[in-house]
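**Student:** Structure of the sequence below:
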Amino acid sequence: MKILVPGILVFVFNIIVLTPGMGQIEEKPAYLHLLDIPYRSNDSIMANPYIRERCVLDLYYPKDADSFPTLVFFHGGGLTSGNKGLNLFFENKGIAIVDVSYRLSPKVKVKNILDDAAASIAWVFNQIESYGGDKSKIYISGHSAGGYITSMMGLDKSYLNAYQIDSDSLAGLIPLSGHVITHFTAREEMGLGQTDVLVDNMAPLYHIRKQAPPYIMITGDRNLEILARYEENAYMMRMMKLIGHPDTQLYELQGYDHSMVYPAAPLILKTIEQLEAKKYPEVKTENHQD
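**Tutor:** Take a look at the predicted model:
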């Protein structure tokens, strides 16, 4: 089998292949895992070592499938730390996973981080069909800071508009325990503290829209979560419903604290399955309750 990647033609057999500039490509049964793909193509931008280090993504996809959904996932870490990495629960589930790294504060501002996220999503829209995916089936998710990024990408249209992508074309938003007020790192840039509540244009709540993609929020237990995160999301759900958004939901994972990515993973997959079934009711989708 031959696979075309930016600037490199890779022949993949049943071995691990190392490729200069692309990182490692691993073949697993029925899946390929492409690591450290740069999602910013401008040569002058890529000349920056920090951008070269952080503005990369991993693509895990079924190699012999067509028109599969894709989940773009943003890691957490308060916008100041963290790294991409495949959640093992998502392996072999019939969808592609795009794990994204992005630049971090304080080296860059939060707006730069959000622009990185938009650039990575634009890469998926422009490239996923060459791997067999369907760009009408792109879902966005992320945990904590990644949940905040998820909401901003789907609700504030300006970031994706900069890359000629309409955020309303996203198939769904599934943030995990994300801020919906202005993120505390953005508030720190303004000299504010974590308990200085602010809702401005850096807050998902500021951008609530009736026409936004399906919006499914998941948090940990309200008694165990950090910084009133459940209550924030509950208010967000109420406001989205009040403006007439047709598909906003909130799930609370009782007994789990803020570290709830793994228990949330089956719900993410079930949400994608249900949303796909709504769009394509004649297509029988695989049950992912394992």
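
**Student:** longest strand anywhere in this structure?
**Tutor:** strand 133-143 (DSSP state E).

**Student:** Tell me which residues of that one come out buried.
**Tutor:** 133, 134, 135, 137, 138, 139, 140, 141, 142, 143 (16 or more other Cβ atoms under 10 Å). From N, CA and C alone the C-beta is placed, and that goes for glycine too.

**Student:** Next: stretch 68-82.
**Tutor:** 68-79, 82.

**Student:** would JSON lines of these with distance to residue 32, pLDDT and secondary structure be doable?
**Tutor:** Putting these into JSON lines (distance: Cβ to Cβ, whole Å; pLDDT from 0 to 100; DSSP: H, G, I helix; E, B strand; the rest coil) gives the following:
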{"residue": "68", "distance to residue 32": "12", "pLDDT": "96", "secondary structure": "strand"}
{"residue": "69", "distance to residue 32": "16", "pLDDT": "97", "secondary structure": "strand"}
{"residue": "70", "distance to residue 32": "14", "pLDDT": "98", "secondary structure": "strand"}
{"residue": "71", "distance to residue 32": "16", "pLDDT": "98", "secondary structure": "strand"}
{"residue": "72", "distance to residue 32": "17", "pLDDT": "98", "secondary structure": "strand"}
{"residue": "73", "distance to residue 32": "17", "pLDDT": "98", "secondary structure": "strand"}
{"residue": "74", "distance to residue 32": "22", "pLDDT": "98", "secondary structure": "strand"}
{"residue": "75", "distance to residue 32": "21", "pLDDT": "98", "secondary structure": "coil"}
{"residue": "76", "distance to residue 32": "26", "pLDDT": "97", "secondary structure": "coil"}
{"residue": "77", "distance to residue 32": "27", "pLDDT": "97", "secondary structure": "coil"}
{"residue": "78", "distance to residue 32": "32", "pLDDT": "97", "secondary structure": "coil"}
{"residue": "79", "distance to residue 32": "30", "pLDDT": "98", "secondary structure": "coil"}
{"residue": "82", "distance to residue 32": "25", "pLDDT": "97", "secondary structure": "coil"}
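
**Student:** Among those, which pair sits farthest apart?
**Tutor:** 68 and 78 (32.1 Å; Cβ to Cβ).

**Student:** Now residue 147. Nearest residue, chain neighbours left out?
**Tutor:** Spatial nearest neighbour of residue 147, excluding adjacent residues (Cβ to Cβ, 6 or more residues apart in numbering): residue 178 at 2.2 Å.

**Student:** I figured that neighbour was touching residue 141, is that so?
**Tutor:** No - in terms of Cβ atoms under 8 Å, residue 178 does not count as a neighbour of residue 141; the distance is 9.7 Å.
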